[in-house]
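Visitor: Structural data only, the sequence is not supplied:
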């Protein structure tokens, strides 16, 4: 039946091919169909509508073999104009979704599923489901109908990917959420990414034993991520008090000093964030001594710079004990992303690490109101460390306040 079918066909022939291919997918022997797909895809000069259908059929029958070809077909930027790429996507969607056929929910490998989301999602807006070209102009006619089909299809693929809780799927969904060509899908991708991270943490969670809880209550090692976060927060607050109120003026180490001042006591400007991080980390490591509370029950909490998390994201400090790790993100009051980093960096990237249990610490070094470069989203600029902490806490959602701690260390010039 397929042998006499032309390599270039009309719209009526293309519709007939779609119906016959779907019948073959339902009833034909998979081995015979796979061989047929290979032979047809080897033909030269096939029009894009027909090629899209055979590639789609191949993705459903021999995905490992055909999927790379399908992704190339949908993303040959250097060889094909964007309007032609759009028509390719349109033909693919037309084949995969029809009135009589339900949306396919194939268990494609993560790498293939992510590639398909990227290739198709760039042409569809989830909110309006309008078909877009690269200059953001709405294309009228049949393409508009295809967009309504494509939107639930892309949503299904994203949801399928988000339900997978392995590290490859987490990295893939995170990369899609940061892909600038999928800007219209960012909200949906971020929501699913966060939900996926919660499922991942839940899957990896191990409840502490009664003996571990008893040891933690008695001053022993942390029984979980929540205990570890509470311990590190307590040490940071102690350290903040020592820096501000100690008799050694430790706040000076966060400032450059006047080279003409022989005693090195006249400060000039704040040090860069990385140097400030190193000073704080050095003191924190001492305060997290393994013999801190009970010498007869030693335990180690390691604090290290640039903690590695999913997708090679790196927090400023990571505190680790056993299987648990809590990230600490540090900003100075002169940071331009002071108000956004707690959500865009700490929550969006670092606490997704399953070792964190969703817990994280946002630490701000307060150099004084005059060093604030950006105003808060709501209200006047804070005039004290406590006011800054309150504003940052108010920006968190109720659920986030249970797991995210704000610590502000006053290192302002008090000379």
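Guide: Looks like it came in fine. Model, not experiment: these values are computed from the prediction. Numbering: from 1, shown residues only.
Visitor: quick one, helices of the stretch 251-400 of the chain?
Guide: Secondary structure of the stretch 251-400 of the chain (DSSP state H, counting those that start in this stretch): helices at 273-287, 341, 385-394, 398-401.
Visitor: just these: most buried one?
Guide: Across those, the average number of neighbours (mean count of other CB atoms under 10 Å) peaks for helix 341, which reaches a mean of 19. Where you see a C-beta, it was placed from the backbone N, CA and C, and this is true even at glycine.
Visitor: just how off-centre is that helix within its chain?
Guide: Mean-position distance between helix 341 and its chain equals 14 Å (CA atoms, centre = their mean, to the nearest Å).
Visitor: and what of stretch 113-131?
Guide: A distance of 18 Å separates the C-alpha centroid of stretch 113-131 from that of its chain, computed with CA atoms, centre = their mean.
Visitor: lowest average confidence, helix or strand, in the chain?
Guide: Within the chain, no helix or strand scores below helix 210-217, which has a mean of 66 by mean pLDDT, DSSP states H and E.
Visitor: In contact with residue 369, which residues?
Guide: Residue 369 makes contacts with 333, 381-384, as judged by CB atoms under 8 Å, 6 or more residues apart in numbering.
Visitor: buried subset of the residues you listed?
Guide: Buried subset of those (neighbour count, 16 or more other CB atoms under 10 Å): 333, 382.
Visitor: export the contacts of residue 369 to a markdown table and tack on pLDDT and distance to residue 302?
Guide: Shown next, in a markdown table, are the contacts of residue 369 (pLDDT from 0 to 100; distance: CB to CB, whole Å):
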| residue | pLDDT | distance to residue 302 |
| --- | --- | --- |
| 333 | 94 | 28 |
| 381 | 91 | 37 |
| 382 | 94 | 33 |
| 383 | 93 | 37 |
| 384 | 94 | 33 |
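Visitor: Need the contacts of residue 369 in CSV (columns: distance to residue 11).
Guide: Converted to CSV, the contacts of residue 369 look like this (distance: CB to CB, whole Å):
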residue, distance to residue 11
333, 64
381, 63
382, 64
383, 69
384, 70
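Visitor: hang on, the earlier thing: downstream of the least confident helix or strand of the chain, the next helix or strand is which one?
Guide: As assigned by DSSP states H and E, the chain's next helix or strand after helix 210-217 is helix 225-245.
Visitor: Work out the gap between that following helix and the centre of the chain.
Guide: Centre-to-centre, helix 225-245 and its host chain are 28 Å apart (CA atoms, centre = their mean).
Visitor: in that helix, what counts as buried?
Guide: For helix 225-245, the buried set under the neighbour-count rule, 16+ other CB under 10 Å, comprises 225-233, 235-236, 239-240, 242-244.
Visitor: Between those, which sits nearest residue 168?
Guide: Among the buried residues of helix 225-245, residue 225 lies closest to residue 168 (CB to CB), at 23.2 Å.
Visitor: how about the strands in the stretch 251-400 of the chain?
Guide: 255-257, 267-270, 302-308, 314-321, 324-332, 360-366 (DSSP state E, counting those that start in this stretch).
Visitor: Residue 39: which of those strands is closest?
Guide: Closest of the strands of the stretch 251-400 of the chain to residue 39 is strand 302-308, at 47.6 Å (criterion: CB to CB).
Visitor: Note down every partner strand of that closest one and its orientation.
Guide: Paired neighbours of strand 302-308 in the sheet (DSSP bridges): strand 314-321 (antiparallel).
Visitor: circling back to that earlier point, which of the buried residues of helix 225-245 lies closest to residue 210?
Guide: residue 227 (14.3 Å).
Visitor: Run the chain-centre distance for the helix or strand hosting residue 95.
Guide: Counting by DSSP H and E, the element that carries residue 95 is helix 82-96. In this view, helix 82-96 has its centroid 28 Å away from the chain centroid, taken as CA atoms, centre = their mean.
Visitor: Kindly reformat the strands of the stretch 251-400 of the chain as a markdown table containing distance to residue 340.
Guide: Shown next, in a markdown table, are those (distance: least, CB to CB, whole Å):
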| stretch | distance to residue 340 |
| --- | --- |
| strand 255-257 | 25 |
| strand 267-270 | 20 |
| strand 302-308 | 20 |
| strand 314-321 | 15 |
| strand 324-332 | 10 |
| strand 360-366 | 11 |
